[in-house]
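A.B. asks: Sequence first, then the predicted structure, then my questions.
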Amino acid sequence: MKTEERHSYLELCIPYVFGRLNPGNRKQFEAHLATGCQPCTKELAELHEAMALLPLLLKQQAPPSAIRERVVARATTGKAEQPAIAKRAGEIGKKEGEQAPAVRSSKRWYGYALVILSVLIIVVLAVFVSELINTIGGQERRVVELQGELQRKDEVLSVLRSERLEIALLNGLEPGSTARGKIVWDPVKKTAILQLTNVLITPANKEYQLWAIKGGRPMSAGTFTVMNDKEKESYFKVVSLPAGEKQEIDGFNVTLEPKGGSAQPTGVVYLRGK
Amino acid sequence: MLLTVLTRTGINQHDADLLKRIQKKDRQALGMLYDRYAPLLYPLALRIVGSTQEAEAVLQEAFAHVWEKAGGYVADRGSIFSWIVAVCRNKAIDKLRLRRENQRIKEGERGSPRSAPEHAPDAGAQQILAFKGYTESVRDSLKALSKLEERILEMSYYDSHSQSDIARTLRMPLSSVKSKLRRGIQKLRQAARKEGGSP
């Protein structure tokens, strides 16, 4: 097998472990593994070991004890047991049916009251715990968002720190003629800050795509989504350009494309500039 | 039920013995493997599918798979521990994707990362003890992960998001997501090597 081919299979190991290969590629990769490729097998084993560590970071928690019986029973019979709730409901129903109503009615009322009280306590506790978890989860998400924000700003600063910078102004076209924008880029690193205002919120299943026109040909510089009013007011993103020097770039277009972007522009041009 | 913290080599050997017995359709061995791994797999399933009922179903399906496919385990592709974790994760992700697909059909795209709801354990404190020392050691090794790397790994592993989705959600360049994911995986690999591969 050629080195490049082996390398391309090795590249598939991570998406394979994450279950992100499409069925065709997965089948092809598994067929390749079946040939006994040692580098891929070793890489896969290491990745499996590594990813299996992640669940160890979760708080360990035993499942309800009834599940064990169901697992063993299912393994033996090959049939799925009833879901927990349905089964529990069935058990309760059966026990109720066995009682003699005339003799045990008062005891039953006490029993009902106790059950209702217990359920209420459990519900209140569950709500409390759930709110607590939501609060903590929300704070953790906020920390991650802020870290992301900080990183984006670092990347913006790293562009602005460049010794040479080029700039292009973008103007909105119908139906978003009030939109304005700038592209400030480092021609050596080919890294650019895309800054936009008044761009329409991206419709569902669509994405904006930035194109650098080089030698009359549009070349993709990535996709982006304006998600809300805040982003509509001011949006910025650091992107990589397919070319660096200004004389190489005839201009920039922003088009609306299907989600995931297009190989060539297919949609309406929303902004244009040079 | 395991009452003490065993050595890694001892537990790996123990797993191999159990799997051999399961291949011969020994129900007791399946029960023992369940006792050992259910407290790890249940929170994993819960983290992915988000409901106790579905997590319980995932656990049942995962062990049914182990029962039926024990003979298909390939030692070259990782330890029994990592195989069982992957089986459980795949079953849970299948459920998650099916639900997302149904939601998409019903209401259009909506899904957001969910965190595992806490669920009071009603058994299994002794099984959990068996992993306690190992888990602490792994947690210690994984302190090298930054919060952002951990978040990106979690979004890939538990929420099955593509790198583009993660870039959109975290509003980061795709290239940064890719590099952080690779760095995170690299740190996990280093931790796995340090820990000897499995508990």
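C.D. replies: Received, thanks.

A.B. asks: which residues of chain A fall in helices?
C.D. replies: Per DSSP state H, chain A carries helices over the ranges A:3-11, A:13-17, A:23-34, A:38-51, A:66-77, A:84-98, A:101-160, A:229-233.

A.B. asks: least reliable of those helices going by mean pLDDT?
C.D. replies: The minimum mean pLDDT among those belongs to helix A:84-98 (a mean of 38).

A.B. asks: which residues in chain B form helices?
C.D. replies: Under the criterion DSSP H, chain B contains helices at B:8-23, B:27-49, B:52-69, B:80-107, B:125-141, B:147-157, B:163-170, B:174-195.

A.B. asks: what about the longest one, distance to the chain center?
C.D. replies: Averaged C-alpha coordinates place helix B:80-107 at 12 Å from its chain's average position (CA atoms, centre = their mean, to the nearest Å).

A.B. asks: any idea of the mean pLDDT in that helix?
C.D. replies: Averaging the model's pLDDT scores along helix B:80-107 yields 88.

A.B. asks: so does it get close to chain A?
C.D. replies: Yes: judged by CB under 8 Å from any CB of the partner chain, helix B:80-107 and chain A are in contact via B:81-83, B:85-86, B:89-90, B:93. Bear in mind the C-beta positions are built from the backbone N, C-alpha and C, glycine included.

A.B. asks: One more: the last one?
C.D. replies: Yes: taking CB under 8 Å from any CB as the criterion, helix B:174-195 and chain A are in contact, through B:174-176, B:181-182, B:185, B:188-189, B:191-193, B:195.

A.B. asks: To residue A:45, which of the helices of chain B lies closest?
C.D. replies: helix B:80-107 (7.8 Å; CB to CB).

A.B. asks: So which bits of the closest one are buried?
C.D. replies: Within helix B:80-107, the residues scored as buried using 16 or more other CB atoms under 10 Å in any protein chain shown are B:80-96.

A.B. asks: TSV please, covering the residues of helix B:80-107 next to chain A and showing distance to residue A:240.
C.D. replies: Shown next, in TSV, are the residues of helix B:80-107 next to chain A (distance: CB to CB, whole Å):
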residue	distance to residue A:240
B:81	40
B:82	36
B:83	39
B:85	36
B:86	34
B:89	33
B:90	34
B:93	31
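
A.B. asks: For residue A:172, state which of those residues is nearest.
C.D. replies: Residue A:172 lies nearest to residue B:93 out of those, by CB to CB, at 41.7 Å.

A.B. asks: Contact partners for that closest one?
C.D. replies: A:19, B:48, B:160 (CB atoms under 8 Å, 6 or more residues apart in numbering or on different chains).

A.B. asks: re earlier: now for the residues of helix B:80-107 next to chain A: which two are most distant?
C.D. replies: B:81 and B:93 (18.5 Å).

A.B. asks: Low-confidence stretches in chain B?
C.D. replies: Chain B contains residues with pLDDT under 70 at B:1-11, B:107-134, B:195-199.

A.B. asks: Nearest to the spatial middle of it, which residue is it?
C.D. replies: Geometric centre of chain B, nearest residue: residue B:85, 4.3 Å, by CA atoms, centre = their mean.

A.B. asks: Does that one touch residue B:43 like I think?
C.D. replies: No: the criterion here is CB atoms under 8 Å, and residue B:85 misses it with residue B:43 at 11.6 Å.
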